[in-house]
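Undergrad: using only what follows, build the 3D model:
(one chain, ligands or ions: 1)
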Amino acid sequence: MKPYKNKINRIRSFALSLIFLGVIIMYLGIFFRQNEIIMLIFMVLGLLSIIGSTIVYAWIGTLSTRAVQIICPNCGKATKMLGRVDMCGHCREPLTLDPSLEGKEFDESYNRPTKNKNSVNK
Ligand SMILES: [Zn+2]
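TA: Below you'll find the model as predicted:
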């Protein structure tokens with residue numbers, strides 16, 4: 001079992017679920033037709049989450065330009081990775097840019113910008 005996903009894929013699915021959430025919230029608003037204020041609140045919330053997902057999509061765009069494209073040693077496909085450690089987008093092979101972390105167990109805490117040695121050694 002590999003619980004972690006490739007970061008870019010994960011953010012992308014988050015943005016997608018935000019769109020669905022927005023549509024569902026707006027749809028729920030229809031049931032409150034009688035009360036205009038509640039309906040308006042639902043519509044605004046739905047709109048906000050759709051706007052939020054567009055922002056997340058734009059954010060993925062800027063992240064992708066900064067991501068390093070590498071060839072996965074496990075499946076041989078090209079994948080983009082973020083941070084010091086990430087997962088292959090195709091086979092979820094743990095990947096690292098830092099040779100000192102090679103062979104170590106995958107841990108997302110390596111990506112934390114502020115190094116706290118106590119938490120890493122746990
Ligand atoms: Zn792979």
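
Undergrad: helices of the chain, start to end?
TA: Taking DSSP state H to define them, one finds helices in the chain at 7-30, 36-66, 117-120.

Undergrad: give me whichever of the ones you listed is most buried.
TA: Here the criterion is mean neighbour count by mean count of other Cβ atoms under 10 Å, and of these the winner is helix 7-30, at a mean of 16. C-beta coordinates here come from the backbone N, C-alpha and C atoms, glycine included.

Undergrad: counting contacts, what elements does it pack onto?
TA: helix 36-66 (3 or more Cβ pairs under 8 Å, 6 or more residues apart in numbering; DSSP states H and E).

Undergrad: can you name the residues that contact the residue of the chain most remote from its centre?
TA: Farthest-out residue of the chain from its mean C-alpha position, per Cα atoms, centre = their mean: residue 34, at 38.0 Å. Shown in contact with residue 34 (Cβ atoms under 8 Å, 6 or more residues apart in numbering): no residues.

Undergrad: I appreciate the help and will end here.
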